[in-house]
Each structure stands twice: as C-alpha cells, then as structure tokens.
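1. Build me a model from this:
(one chain, ligands or ions: 1)
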Amino acid sequence: MSSHHKRSLEAIKRLRQHLTGTLILPQDDAYEQARRVWNGMVDKRPSAIVRCANEQDVIRTVQFAREQDLPLSVRGGGHDYCGRSLCDDGLVIDFSAMRNVSIDPERRTARVQAGTTIGELIGAARQHGLVASTGSLAMVGLAGQTLGGGYGPLMGKFGMVIDNLLSVDIVTAEGQLLTANTNLHPDLFWAVRGGGGNFGVVTAFEYRLHPGSSVLTGTFLYPLDQAREVLRGYHDFTSTAPDELTIGAALLHTPDGMPAILFAPSYHGSFAEGERAMEPLRTFGTPLLSTVQPMEYSDLLTTFNALVPVGRYYFYKGQSFAGLSSEAIEGIVESAHRFTSPFSALIFHHFHGAASRVGVSETAFALRQDHLLLEIFAGWEHQSAEQDQTHLQWTYTTSSQLAPFAMEGVYINLLDSGEQERLPHSFGPNYARLVELKRAYDPGNVFHSNPNIQPGT
Ligand SMILES: Cc1cc2nc3c(=O)[nH]c(=O)nc-3n(C[C@H](O)[C@H](O)[C@H](O)COP(=O)(O)OP(=O)(O)OC[C@H]3O[C@@H](n4cnc5c(N)ncnc54)[C@H](O)[C@@H]3O)c2cc1C
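-> Model prediction:
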C-alpha cells in the first residue's frame, strides 16, 4: 500500500464526522453488500462508500475526493452493466438512502431524489392517474438512465426520459449545488440530457408527467425458425407505427427453454385503436401466442424483472440500426442460434415518434433519427473463468459481425468501458460542445467513472 493510500485511508475515517449519512468502510459488516451491484460480474473494491443523506453529504464527498486526490464514482441504482457506479480504491457517492418521490398533480410533475428506481416513480405517479416516460424495467435506477437519455415503451408518444426532464439539482466538481434547467445554467442542462454523469452529481430530477397510467400491451411469440420473415415484418411495421405504439422485441429462450422471438408492444391511447394498431403483429408468421390486454404501466414494468435477477453475470454490447438489411437480419438470426446461455437475448428498443422529432442538437443525446437499438445481451450463471470467456466472446463476435450494417453511434449506456472510440460517433455533432462544457465544468475529470468525455488539453 502506497503512503498516499495510507494517508487517504486515515483521512477517510475523519470524513465520517462531517457526514449526516453513513460511511461504509471495507472492515464494516455492511461493506460486502454495499459494494454489490446488479451485475454479479462487477467486483470492485472502493476505499469507502458514502451513503449520503442529503446534498451536503454529496458536496462534502466531492470536495474531499478532490482534496485527497481519490477516484470518485456515483451510484444511482447500480444497474450500469459494467459497474461504473463503483470504483476501485476510491470513494463512492451512494444514493440508495435518497429516494424521496414527490408528485405535484396540478402541475403534473414529479421531483425525485437520485436513488429512486423507475418503479418507485411510476408507482407514485399512478396514485394520481399519471405516468412518466421511463425505461422498461421497474427495478432499474432512474439517475443513470436519465443521464444517458432513457429509451422506453412510451418514447413514441412522449419522447425519451430526457425529453421530459424539466430540471436537475447538481453538485459540480467545484462542490457547488446548482439548479439547471432551460433558464438556469441552460448549457449544463443541455449537457446532462444525454451526456451521462460527466458534468456533476445530480441529487434530484424533476420530470413532466402525463395523464393516463395504463397502456394496452400484448405478448406475441413466434418460434425462432420463423425469425427471418418475422423480423422483416417487424422492421417494416415499426417504421410506420403510430406514435402511441412502441414495440419492444427480443430473440430469447422462453422460460421453458424454447428459442423464440417475442414482441412486447405498448399502446398509450384509446384501447380500441390500440387493438387495431397491434393487429399486424399477428401476421408476420404463425404465432405461438398472441394476446392483448390493458395493464397499468407500473405492472407492465415488473413483467421482465425476474428474467434479469440481481447477481447473475452479464455482459452486453449495443448496435443501432437505421434499417434492417437482409444481411443484418441474417446476422441477428444466426447469432440467436449461437446463444451460449439460455439467459442471453437480443433485445430491440423501438426509437420513433416524439423521440425522433427532437432536434439532434436540442439535447446532448444525438441519435434522433428513427432506429432500432439492439442490445446484444449475455446473461449466465457463473461457473468458471473459462466459461465466462465463451459468453463474452459471443457478444464480441455478434457485435462485430453486425457492425457493418449498423449506425456508427450507439446509446452511451450500452457502451462498455473498452469502447471509448465510439463515444464521439454517439454524440455526433454535439461532441465538440460537450468537450467544451466538460472543460468548463470539470476540467480535472473528477467525474470520470462513466462513458467518459475527456476534457483534453
Ligand atoms: C435490466 C436492465 C434493463 C435496462 N433497460 C433499459 C431501458 O429500458 N432503457 C434504457 O434507456 N436503459 C436501460 N438499461 C440501461 C440503464 O439505462 C443503465 O444501466 C443506467 O445506467 C441505469 O441507471 P442507474 O442509476 O442504475 O446506474 P448506475 O449504475 O448507478 O450508474 C450509471 C452511471 O451513471 C452515473 N450516475 C449514476 N447516478 C448519478 C447521479 N446521480 N449523478 C451523476 N452521475 C450518476 C454513474 O456514475 C455511472 O457512470 C437497463 C439496464 C438494466 C440492467
């Protein structure tokens, strides 16, 4: 252990007396649990985890990390695939004790603290017959999802999560607590809408809500051997689907082990029109199952939680497709035939409608044309390091085989730590402005444990 590291450990113990929240050190009983995130493959060992109770704790921790020259990371829900909410030998700002949600039904807004999950926001909004545009799983953290952009089942109708973000409270690298919105620090507000955690630590988010807490949803299942024609139908249909209808899809194994392709549409609007709009989903081939039913959006978001339990090993890659060529379809189907685990999947998010009508440079998130985002998702029960490699290799091979047919940029929350070179493509014309803002707000790159925009020189 270096003398710098020893001195830091001594100083960290003293940090405790300046906090309202809890300081968790490696020798504490709570440490092992506190350093665990959703992905069981992540095995980082921070020097301390600061479970903040309020904004002052966040400010003190940022200042302390800078004074001591310690790595710093920020944990919202801890669902980042490669565990960027944690860091080795540094400090973690942990928001799991800051999860207050407050709904203003008159203004149709929600104010949430940074440790809130999607399910907690949606559950609270539902009490007032309201809904928010969110990602597709209740258990996932809102903070990291929002900062990356936020794809979800309502984005055709209401836009991405960031298109409904009204304001943030954010602690800068200087340790200042600012409110950023379209009037106050608008450049910072622009940057956090898609630029990730690069610009500060967000302590609270304010979102716009919408009336109507239920959706028409459905399950349409086809056997994998029909996947080529079914994917062609999906591609053609999604490119003309109305805003109200957003259609997620996945090539996967069903719980009883059958390889299949699944469509999970959501329609927000008149249910009678929704039924009619979903009709073509039955006609891409011969479905094994085709059901449609109304559901509370909050219930819909818990449907798939059980498929991705906390602690299993996961790895992923992302590719975005402006259209699905025959070669891309061939590659996707062929990769599904090569799944190395029954828990792996190829998952499509359908980006269209209101999300596509936002201008490329209105927010930092730049991938504003209609597209299908593909998650190349490996999940497995860990047995040996050798077997881990088999699953990792499947994602690498699949991603590189599909890359020639895909867009250059991809959703930054799907970029793994080794994909720094894809970041400028993902931000496209916004990248230069983001680098400039990074220099202005975080020239020392204090906030680096993220898909990192480097301030350069
Ligand atoms: C099962 C599963 C399903 C998913 N489904 C979707 C989906 O439907 N749509 C979608 O868009 N994405 C989806 N994702 C990806 C998701 O957007 C990211 O994993 C996201 O990072 C989760 O947010 P989090 O708060 O849990 O992240 P964390 O792991 O806590 O953090 C992720 C990153 O954000 C930074 N960060 C976190 N909180 C803050 C903060 N308060 N201030 C500053 N920086 C912060 C962290 O430092 C880190 O770099 C899914 C992920 C999983 C695991």
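2. so residue 71 sits right up against residue 90, yeah?
-> Yes: between residue 71 and residue 90 a contact is recorded at 2.9 Å, counting by Cβ atoms under 8 Å. The C-beta positions use only the backbone N, C-alpha and C, and glycine is treated the same way.
3. Could you pull out the residues contacting both of these two?
-> Common contact partners of residue 71 and residue 90 (Cβ atoms under 8 Å, 6 or more residues apart in numbering): residue 65.
4. those helices in the stretch 101-250 of the chain, which residues are they?
-> Using DSSP state H, counting those that start in this stretch, the helices of the stretch 101-250 of the chain run over 118-126, 142-148, 155-158, 186-192, 227-238.
5. check whether the second one contacts the ligand.
-> Yes: residues of helix 142-148 contacting the ligand under Cβ under 6 Å from any ligand atom: 143-145, 147-148.
6. Next one, pLDDT for the nearest residue to residue 200 once chain neighbours are set aside please.
-> Spatial nearest neighbour of residue 200, excluding adjacent residues (Cβ to Cβ, 6 or more residues apart in numbering): residue 170 at 4.1 Å. We have a pLDDT of 98 for residue 170.
7. I'd like the distance between the nearest residue to residue 325 once chain neighbours are set aside and the ligand.
-> Leaving aside its sequence neighbours, residue 325 sits nearest to residue 405 (Cβ to Cβ, 6+ apart; 5.3 Å). The gap separating residue 405 from the ligand is 22 Å, by Cβ to the nearest ligand atom, to the nearest Å.
8. same question, residue 319
-> 15 Å.
9. residue of the stretch 151-300 of the chain with the smallest distance to the ligand?
-> residue 197 (2.5 Å; Cβ to the nearest ligand atom).
10. distance of the nearest residue to that residue once chain neighbours are set aside from the ligand?
-> Excluding its sequence neighbours, the residue lying closest to residue 197 (Cβ to Cβ, 6+ apart) is residue 450, at 4.3 Å. Residue 450 sits 3 Å away from the ligand, taking Cβ to the nearest ligand atom as the criterion.
11. Hmm, residue 450 is touching residue 195, no?
-> No: here residue 450 does not reach residue 195: they are 9.1 Å apart, not a contact under Cβ under 8 Å.
12. And these two? Which one has more around it.
-> For residue 450 versus residue 195, neighbours defined as other Cβ atoms under 10 Å are more numerous around residue 195 (28 against 23).
13. So the more buried one is in contact with residue 434, correct?
-> Yes: using Cβ under 8 Å, residue 195 is in contact with residue 434, at 5.4 Å.
14. and for stretch 390-405, what are the contacting residues?
-> Under Cβ under 8 Å, 6+ apart, the answer for stretch 390-405 is 313, 315-319, 321, 324-325, 327-328, 331-332, 334-335, 338-341, 344, 346, 374, 376-378, 380.
15. Recalculate using a threshold of 6 Å.
-> 315, 317, 319, 325, 327-328, 331, 335, 340-341, 376, 378, 380 (Cβ atoms under 6 Å, 6 or more residues apart in numbering).
16. which parts of that stretch are buried?
-> 391-392, 394-395, 398-399, 401-402, 405 (16 or more other Cβ atoms under 10 Å).
17. if we can go back for a sec, can you report how many residues neighbour the residue nearest to residue 200?
-> Around residue 170 there are 27 residues (other Cβ under 10 Å).
18. And it, how far from residue 143?
-> Counting by Cβ to Cβ, to the nearest Å, the gap from residue 170 to residue 143 is 11 Å.
19. where do the strands sit along the stretch 201-350 of the chain?
-> Assigned by DSSP state E, counting those that start in this stretch, the stretch 201-350 of the chain shows strands spanning 201-208, 210-211, 214-223, 245-253, 259-267, 289-296, 313-321, 345-351.
20. center of the protein, which residue is that?
-> residue 145 (3.7 Å; Cα atoms, centre = their mean).
21. and the protein, which of its residues are near the ligand?
-> Going by Cβ under 6 Å from any ligand atom, the residues of the chain near the ligand are 38, 73-81, 84-85, 95, 114, 135-137, 140-141, 143-145, 147-148, 150-152, 197, 201-202, 308, 413, 449-450.
22. contacts for stretch 26-41?
-> In contact with stretch 26-41 (Cβ under 6 Å, 6+ apart) are residues 24, 49, 78-79, 81, 83, 310-314.
23. Packed most tightly, which of the helices of the stretch 101-250 of the chain would that be?
-> helix 142-148 (a mean of 28; mean count of other Cβ atoms under 10 Å).
24. Low-confidence ranges, the protein, go.
-> 1-7, 457 (pLDDT under 70).
25. and it, what are its domains?
-> Annotated domains of the chain cover 3-94, 101-211+431-441, 214-414 [automatic domain parsing].
26. thinking again about what came up before, mind checking which of the contacts of stretch 390-405 are buried?
-> Looks like the contacts of stretch 390-405 have 315, 317, 319, 328, 331, 335, 340-341, 376, 378, 380 buried, using 16+ other Cβ under 10 Å.
27. OK, contacts around residue 46?
-> 86-87, 90, 92.
28. What number of residues are in the vicinity of the nearest residue to it once chain neighbours are set aside?
-> The shortest distance from residue 46 to any non-neighbouring residue, by Cβ to Cβ, 6+ apart, is to residue 92 (4.7 Å). Around residue 92 there are 28 other residues, counting by other Cβ under 10 Å.
29. Return the set of buried residues in the strand or helix carrying residue 92.
-> Here residue 92, judged by DSSP states H and E, is contained in strand 91-94. Under the neighbour-count criterion of 16+ other Cβ under 10 Å, strand 91-94 has 91-94 buried.
30. can you redo the buried residues of stretch 390-405 as a markdown table with secondary structure?
-> Below are these laid out as a markdown table (DSSP: H, G, I helix; E, B strand; the rest coil):
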| residue | secondary structure |
| --- | --- |
| 391 | helix |
| 392 | helix |
| 394 | helix |
| 395 | helix |
| 398 | helix |
| 399 | helix |
| 401 | helix |
| 402 | helix |
| 405 | helix |
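31. What is the nearest of these to the ligand?
-> residue 395 (14.6 Å).
32. distance of the closest one from residue 347?
-> According to Cβ to Cβ, residue 395 and residue 347 sit 12 Å apart.
33. what's the answer for residue 142, then?
-> Taking Cβ to Cβ, one finds residue 142 at 20 Å from residue 347.
34. I am finished for the moment; much appreciated.
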